[in-house]
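[1] This is a predicted model, with the sequence first.
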Amino acid sequence: MKDEEGFFAVQLPIDARDLKELELIVKRSGIIVRGNYEFDNADDRLLDYITANTLNDAQFRAVFDRNLLSPLVNLAAGDALTGNPESDANARNAAACAAFCILGDILIEPAMALYEYASATGNSEAQRDLSLFRVADNVAPSAYVDIALGRCSKISAMHLAEVKEKLSATETPPREPDFQRTLSLWSPNYLHVLKAYELRRSAPSALEAAKGLLRWEAEESFYNAAASLYCLAAISHRPPKGQMLKSILSANSGQISKGIRNATWDVCLIRQFAKHMQKSKDFSWSLWSSDLALRQITRSLFISTESSKDEALSLFFLTHWGKRDGRLLLQTYLDHMQVAGMNSTERAKVLDTRFSDINSQILLQEKKLGIFSAHREEM
């Protein structure tokens, strides 16, 4: 409630000690990547979100990765924590994130996680997860706090029944009837990941593969910042984490194909996050993921000013490739950019041809890798 002098009071359904612990979990996890908004405070405090909502009419949206959505769906299904330390820690983090979003009036966007899930399990399973997510999104935040702080291992069946009964009165058809359809952003991301795999397997070194990827983007294909940064970091001397491009040197074609698709979905999540910020400027967007590499690439990609973009690109190469190779790759990138004639009429004509030929390029790269086609015509 706000008074005439602009002061306001908020009553939260959890006590002050739990609030402090909740914020500490979110801070330590580093899960949140802010997009098109900032706070004076470097930490993500619930009060900052509530204040922005109340005084500035801010509308916050959070894109959730699959690694956070899955535990929430499982909890909404009535499942208990498994007893596995790693998966339980992730589930408790997910519960903390859900409580934070509900208390801070941050709307969770689950769509990309559902598309990824449908690609492996089918549309009906993804629709089931969507229904369970609606339940998860309406669970009392105190129930999530209890799980996050280790006081409970599941949401009570009675509470879940109450939530489902409440939702049954407002049941609506899903906005997306087919989560298994191929998204328009899939093909360009998939092609870049395919090329990174092919180059890393065929080039004599990781450095030569990186140089080949930069040349290929300029001379034979098109620039795709999210996919390029992801792949360059993944094959670098100092990747954010191992196995960003899973099974990249494997002899098993099935494992190679699976690794390519996993990486492509990571890139798709980053690209979709960017599209949300570009198209929905009235909303304040953030990306939430327990994947360190995905968060780091996202932070490298979204820079506010042109000058800082140049500095960020230099920092990216130096961080992941070291001083010598980092400077070499940065100069390689700049040289190719100049030769490519970015923003020229000639470049635009070339790109039209390359985009129209993307399906055949995908099939060519798949053939080189010896994998079955994982690509379908866009719908």
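    Cool, the structure landed.
[2] Which residue lies closest in space to S314, excluding its sequence neighbours?
    Using C-beta to C-beta, 6 or more residues apart in numbering and skipping residues adjacent in sequence, the residue nearest S314 is L330, 5.8 Å away. For glycine as for every other residue, the C-beta is placed from the backbone atoms N, C-alpha and C.
[3] Could you measure from that neighbour over to L213?
    14 Å (C-beta to C-beta, to the nearest Å).
[4] More neighbours: those two, which one.
    Neighbour totals were compared for L330 and L213, and L213 leads with 26 against 19 (other C-beta atoms under 10 Å).
[5] The more buried one and Y49, how far apart?
    According to C-beta to C-beta, L213 stands 39 Å off from Y49.
[6] Next: R271.
    Using C-beta to C-beta, one gets 25 Å for the distance from R271 to Y49.
[7] Please apply the same query to I102.
    11 Å.
[8] what sits against I32?
    V26, D44, A62, S286, L287, W288 (C-beta atoms under 8 Å, 6 or more residues apart in numbering).
[9] rerun at 10 Å
    By C-beta atoms under 10 Å, 6 or more residues apart in numbering, the contact list for I32 reads V26, D43, D44, A62, C97, F100, I106, S286, L287, W288, S289, R295.
[10] which element is the residue nearest to R134 when sequence neighbours are not counted on?
    With C-beta to C-beta, 6+ apart as the criterion, R134 has its nearest non-adjacent residue at 6.0 Å, and that residue is L167. In this structure, L167 is located in helix 157-168 according to DSSP states H and E.
[11] And the helix or strand following that helix, what's buried?
    Counting by DSSP H and E, the next helix or strand C-terminal to helix 157-168 is helix 186-202. Across helix 186-202, burial judged by 16 or more other C-beta atoms under 10 Å covers 186-200.
[12] where's the most centrally placed residue in the chain relative to D137, distance?
    Central residue of the chain (C-alpha atoms, centre = their mean): L269, 3.9 Å from the mean position. Using C-beta to C-beta, L269 is found at 19 Å from D137.
[13] all helices of the stretch 251-379 of the chain, in order?
    For the stretch 251-379 of the chain, the helices identified by DSSP state H, counting those that start in this stretch occupy 253-279, 292-301, 306-340, 345-356, 358-369, in order along the chain.
[14] do you know which of those helices lies nearest N53?
    Across these, N53 has its closest neighbour in helix 253-279 (18.4 Å, C-beta to C-beta).
[15] Show residues contacting the helix holding L167.
    Residues contacting helix 157-168 (C-beta under 10 Å, 6+ apart): 75-78, 131-132, 134-140, 142-143, 154-156.
[16] rerun that using 6 Å as the cut-off
    For helix 157-168, contacts defined as C-beta atoms under 6 Å, 6 or more residues apart in numbering pick out G78, R134, V135, N138, A143.
[17] Likewise for stretch 102-113?
    12, 46, 49, 53, 60-64, 66, 69, 101, 133, 141, 269, 272.
[18] Ok, stretch 115-132 next?
    Contact with stretch 115-132 is made by R66, V73, A76, A77, L114, P174, D178, F179, Q180, W265, as judged by C-beta under 6 Å, 6+ apart.
[19] Report the lowest-confidence entry in the residues you listed.
    Taking those together, the minimum pLDDT is found at P174 (75).
[20] how many other residues sit next to it?
    Around P174 there are 14 residues (other C-beta under 10 Å).
[21] Which residues are in contact with it?
    So P174 contacts L130 (C-beta under 6 Å, 6+ apart).
[22] Then D335?
    With contacts defined as C-beta under 6 Å, 6+ apart, D335 is in contact with no residue.
[23] how close does it sit to E217?
    12 Å.
[24] surely G370 meets N252?
    No - taking contacts as C-beta atoms under 6 Å, G370 lies outside contact range of N252: 10.2 Å.
[25] where do the helices sit along the stretch 51-200 of the chain?
    For the stretch 51-200 of the chain, applying DSSP H, counting those that start in this stretch gives helices covering 66-76, 85-103, 111-121, 123-136, 141-148, 157-168, 186-202.
[26] Tabulate those (CSV), appending distance to A234.
    Shown next, in CSV, are those (distance: least, C-beta to C-beta, whole Å):
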stretch, distance to A234
helix 66-76, 17
helix 85-103, 22
helix 111-121, 18
helix 123-136, 27
helix 141-148, 31
helix 157-168, 40
helix 186-202, 7
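[27] Of the ones you listed, which is nearest S300?
    Per C-beta to C-beta, nearest to S300 of the helices of the stretch 51-200 of the chain: helix 186-202, 15.9 Å.
[28] residues in contact with H237?
    H237 neighbours (C-beta under 6 Å, 6+ apart): W321, G322.
[29] wait, is it part of a strand?
    No - counting by DSSP: H, G, I helix; E, B strand; the rest coil, one finds H237 to be coil, located in no strand.
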